[in-house]
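Q: Attaching a predicted model along with its sequence, questions to come.
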Amino acid sequence: MGVGGCLVVPWRCLVVLCLRLVFLVPAGVPVRSGDATFPKAMDNVTVRQGESATLRCSVDNRVTRVAWLNRSSILYAGNDKWCLDPRVVLLTNTKTEYSIQIQDVDVYDEGPYTCSVQTDNHPKTSRVHLIVQAVGFVSEDEYLEITGITREQSGEYECSASNDVAAPIIRRVKVTVNYPPYISDAKSTGVPVGQKGILQCEASAVPAAEFQWYKEDKRLVEGQKGVKVESKAFFSRLTFFNVSEQDYGNYTCMASNKLGNTNVSIILYEISEPTSSTLFQEETTTALTPWKGPGAVHDGNNGTSRRAGCIGLLPLLLLHLFLKF
């Protein structure tokens, strides 16, 4: 059964559901200047595989709408649950905090999660990165040897020593696995002339990656007129405040640490401004693609996972909302 009670999700049902979504979920645009501390989500959450992960977002009484998203999939909008994953539950929805919990986490749950709020018709977002540690080694010897260690095997290891005289003594050792960067997400973006444009790439690395942006052979730096470069531990964002014809083209995001580097090409291309009459004038067929994680919809007939039909229209709708602000 699909979202909203539709047994088979026709395009008209998708339109109704996504129109409902427009009034529940704000556009996923970056936090505006001056509001960097609101909303405030945790920087990152690290849990072991099989444990529960709590994602918290601090809000205040200015908020009119709230939502949690996993990439482009909606988990909760207010008190309404939009994903069918039973492991995802709403913990708190008050005037000061909006939090959810993902139970029995698995490695495919790892990645970015977004807290999105709306205040006085201004959407704002804050991101938290979930890290899942998969550790499954057991040894009855004095030493634990891990050959060919991988990044998934980093985390805390527990040593227990006991005999028949006293209670066991337990000590914990944290193992950090260093690895070169790999870029997990980077998408080309279409923006109309005169609008705000954003290019973003996400990379995982230990030690944390350092990011650099290039257009052709020219490096882009913070403070360049009309362009803002913002880099965090897991992602880097290139923002154009007023896109011109000269801004369109191919950009390169490079992530590096002392163990190596990697890069990806991203294109900023021109599109025409959409109108409300063209958004829904044609029937929309949603492609069913394999997907795992809390935002997935489980197909009980064939055992595969797919996104909810309505989610396929989300990027277009968010773009429409984004252009209004």
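A: Cool, the structure landed.

Q: so where is the protein shaky, pLDDT-wise?
A: Scanning the chain for pLDDT under 70 picks out the ranges 1-42, 72, 136-138, 274-325.

Q: What residues are bridge-paired with I170?
A: Beta bridges link I170 to S160, judged by DSSP bridges.

Q: quick one: it and C159 touch, right?
A: Yes - with contact defined as C-beta atoms under 8 Å, I170 reaches C159; the gap is 7.0 Å. Heads up, the C-betas are built off the backbone N, CA and C, glycines and all.

Q: Show me which of the two is the more surrounded one.
A: C159 (14 against 10; other C-beta atoms under 10 Å).

Q: excluding its backbone neighbours, what's nearest that one?
A: R171 (5.0 Å; C-beta to C-beta, 6 or more residues apart in numbering).

Q: count of residues packed around the one you found?
A: Neighbours around R171, by other C-beta under 10 Å: 9.

Q: you'd agree C57 is up against E97?
A: Yes - C57 is within contact range of E97, at 7.0 Å (criterion: C-beta under 8 Å).

Q: quick one, which of those two is more surrounded?
A: Between C57 and E97, C57 has the larger neighbour count (other C-beta under 10 Å), namely 26 against 14.

Q: dump the residue contacts of the nearest residue to that one once chain neighbours are set aside.
A: If the residues on either side of it in the chain are set aside, C57 comes closest to C115, at 3.5 Å by C-beta to C-beta, 6+ apart. Counting by C-beta atoms under 8 Å, 6 or more residues apart in numbering, C115 makes contact with P39, A41, L55, C57, V66, A67, W68, Y98, T125, S126, R127, V128.

Q: quick one: which of the residues you listed is nearest to Y248?
A: Among the contacts of C115, T125 lies closest to Y248 (C-beta to C-beta), at 25.1 Å.

Q: And that closest one, how far from N178?
A: Here the distance between T125 and N178 works out to 31 Å (C-beta to C-beta, to the nearest Å).

Q: between the two, who's got more neighbours?
A: A side-by-side neighbour count of T125 and N178, using other C-beta under 10 Å, places T125 first with 19 against 12.

Q: Do I have it right that that one meets Q118?
A: No - applying C-beta under 8 Å as the test, T125 and Q118 come out as separate, 10.1 Å apart.

Q: so what's S244 closest to, chain neighbours aside?
A: Nearest residue to S244, sequence neighbours excluded (C-beta to C-beta, 6+ apart): V193, at 6.7 Å.

Q: can you tell me which residues contact that neighbour?
A: Residues in contact with V193 (C-beta under 8 Å, 6+ apart) are V243, S244, E245, E270.

Q: ok, which stretches of this structure are helices?
A: Here the chain has its helices, by DSSP state H, at 11-22, 276-279, 314-324.

Q: List the buried residues in stretch 92-101.
A: Of the residues in stretch 92-101, Y98, S99, I100, Q101 count as buried by neighbour count, 16 or more other C-beta atoms under 10 Å.

Q: Contacts only, for the third one.
A: Yep, that's I100 we're talking about. When contacts are counted by C-beta under 8 Å, 6+ apart, I100 touches T54, L55, W68, L75, Y76, V88, V89, L90, L91.

Q: Just grab the bridge partners of the third one for me.
A: Beta-bridge partners recorded for W68 (DSSP bridges): Y76, C115.

Q: so it makes contact with N79?
A: No - under the criterion of C-beta under 8 Å, W68 is not in contact with N79, lying 11.6 Å apart.

Q: if you count what's nearby, which of the two comes out ahead?
A: W68 (27 against 8).

Q: Run through the residues that contact the more buried one.
A: Applying C-beta under 8 Å, 6+ apart, we find W68 in contact with L55, C57, I74, L75, Y76, Y98, I100, Y113, T114, C115, S116.

Q: out of those residues, which one sits closest to V45?
A: Taking C-beta to C-beta as the measure, V45 sits nearest to L55 out of those, at 6.4 Å.

Q: what about E273, how many residues close to it?
A: Using other C-beta under 10 Å, E273 has 13 neighbouring residues.

Q: out of everything not next to it in sequence, what's closest to it?
A: In space, E273 is closest to P192, 4.6 Å off (C-beta to C-beta, 6+ apart).

Q: cool, D106 as well?
A: Ranked by C-beta to C-beta, 6+ apart and with sequence neighbours excluded, the top spatial neighbour of D106 is Q49, at 6.2 Å.

Q: I figured that neighbour hits V105, correct?
A: Yes - between Q49 and V105 there is a contact under C-beta under 8 Å: 6.4 Å.

Q: Could you check which of these two has the larger neighbour count?
A: Between Q49 and V105, V105 has the larger neighbour count (other C-beta under 10 Å), namely 23 against 17.

Q: contacting residues for the more buried one?
A: Contacts of V105 (C-beta under 8 Å, 6+ apart): V47, Q49, G50, E51, S52, A53, R87, L130, V132.
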